[in-house]
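Visitor: When you get a sec, could you give me coordinates for this:
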Amino acid sequence: MAESDVVDSSSSSKKKSKKWIQKYKPEYSQAFNFVRKSSKSDEHAFCTVCSVDFSIAHGGRNDITQHAATIKHATNYKVRGCGSSIVSFFGNDGVDVIRAEALFAASIVEHNLPVSYADHFGQLLRKMCPDSKIAEKFACARTKATSIINFMADDSVASVVDTLKVAPFSLATDGSNDYGAAKLFPVVVQYVEPKSGIVTLAILSVPSLAESATGANIFKLFSKFRIPWSNCIAFGSDNAAVMMGHRNGVAACIAKVQESIYLCGCPCHLIHIAAENACKQLPVAVDELLIDIFFYLDKSSKRHQELQKFQSLYGTEVRKILKHVSTRWLSLGICLRRLLDQWEPLKEYFRTQA
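Guide: Below you'll find the model as predicted:
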């Protein structure tokens, strides 16, 4: 026998068997409700219970069965409640209670109520509605109410940010009068709601600036939301150099990334400065006059009764003289308006006093 014949005989006896690689099939998800298609490859499957990708290349359906029989999968399946929905976990009453607690937390924000009010509302609700199952299970004190409010705030901000990323808007801000460690810069945006077409004004955030209040540092506060500056069509603020400066102000920083933006200084701020300087030329200090009149009448029922006689005589409405407080927002204008409304009876009253 030739040597070549022996070699051919041995090689033919050692033929390799062909391997069949199994790939994911859609019917696997129908047979096993915890299996989804893997993003890793077609030779893997994703287990929603264990949150892992495992290979099915060797046995396909058999590999899924073996994975389901592991201790890890059985434990995770038990911990996750066998895939039960939130309604089956809480029941219909539980979902209604969650809805009631969310509505209550929203009402606290809408009406600007203190969060501490939530500590008493649950007990009050159970006394008001003793036959209600929702009131019986209602438990939303200040801790839970605060968490719900924070969650809804984050969700609301995310919704506004998503809109600003695709729609034009205008931006406005100003620094707080707090000269402490950090200043606040409320970010106000105005845009058109895409679905309703209504012009909406919203406070996007109130970030604090612990660093020096320069134009560059204030500009950085607007960049954390990653909203395209190309959508910002206008910027408004007061007329301070740090805001509207053409070199180092916030307006200059914005103009570098958005050349077509409209920069608008605050006209009310200029009018206020002009009125403030004009008032210095008056012969009488108006704020001091308001304070003197208020404290002359304050805590004297006799003087109040005498003033009311002159108010009735001149046919003016009986109203109190308001106290001007310099730290209260727009206190001066409100007190002046009340003083002018009562000017004639006040003038005649003080003439009799003199």
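
Visitor: Which parts of the stretch 51-200 of the chain are helices?
Guide: 61-68, 71-79, 86-110, 118-128, 133-137, 142-164 (DSSP state H, counting those that start in this stretch).

Visitor: Go through the fifth one and flag the buried ones.
Guide: What it means is helix 133-137. 134, 135, 137 (16 or more other CB atoms under 10 Å). For the C-beta atoms, the positions are set from N, CA and C on the backbone; glycine is no exception.

Visitor: swap in the fourth one?
Guide: Across helix 118-128, burial judged by 16+ other CB under 10 Å covers 118, 121, 122, 125.

Visitor: What is the nearest of those to residue 43?
Guide: The closest of the buried residues of helix 118-128 to residue 43 turns out to be residue 118 (CB to CB; 53.7 Å).

Visitor: and that closest one, what does it touch?
Guide: 104, 105, 108, 140, 141, 142, 144, 145 (CB atoms under 8 Å, 6 or more residues apart in numbering).

Visitor: picking up where we left off before, let me have the helices of the stretch 51-200 of the chain in JSON lines, extended by mean pLDDT and distance to residue 290.
Guide: Listed next are these as JSON lines, based on pLDDT from 0 to 100; distance: least, CB to CB, whole Å:
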{"stretch": "helix 61-68", "mean pLDDT": "87", "distance to residue 290": "81"}
{"stretch": "helix 71-79", "mean pLDDT": "80", "distance to residue 290": "69"}
{"stretch": "helix 86-110", "mean pLDDT": "78", "distance to residue 290": "34"}
{"stretch": "helix 118-128", "mean pLDDT": "93", "distance to residue 290": "39"}
{"stretch": "helix 133-137", "mean pLDDT": "91", "distance to residue 290": "50"}
{"stretch": "helix 142-164", "mean pLDDT": "91", "distance to residue 290": "39"}
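
Visitor: now those helices in TSV, with distance to residue 196?
Guide: Conversion of the helices of the stretch 51-200 of the chain to TSV gives the following (distance: least, CB to CB, whole Å):
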stretch	distance to residue 196
helix 61-68	48
helix 71-79	44
helix 86-110	19
helix 118-128	31
helix 133-137	31
helix 142-164	11
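
Visitor: Any of the contacts of residue 118 buried? List them.
Guide: Looks like the contacts of residue 118 have 104, 105, 108, 140, 141, 142, 145 buried, using 16+ other CB under 10 Å.

Visitor: Going by distance to residue 77, which of those wins?
Guide: Of all those, the one sitting nearest residue 77 is residue 140; the distance, using CB to CB, is 32.5 Å.

Visitor: looking at the helices of the stretch 51-200 of the chain, which is closest to residue 282?
Guide: Comparing these by CB to CB, helix 86-110 comes nearest, at 42.6 Å.
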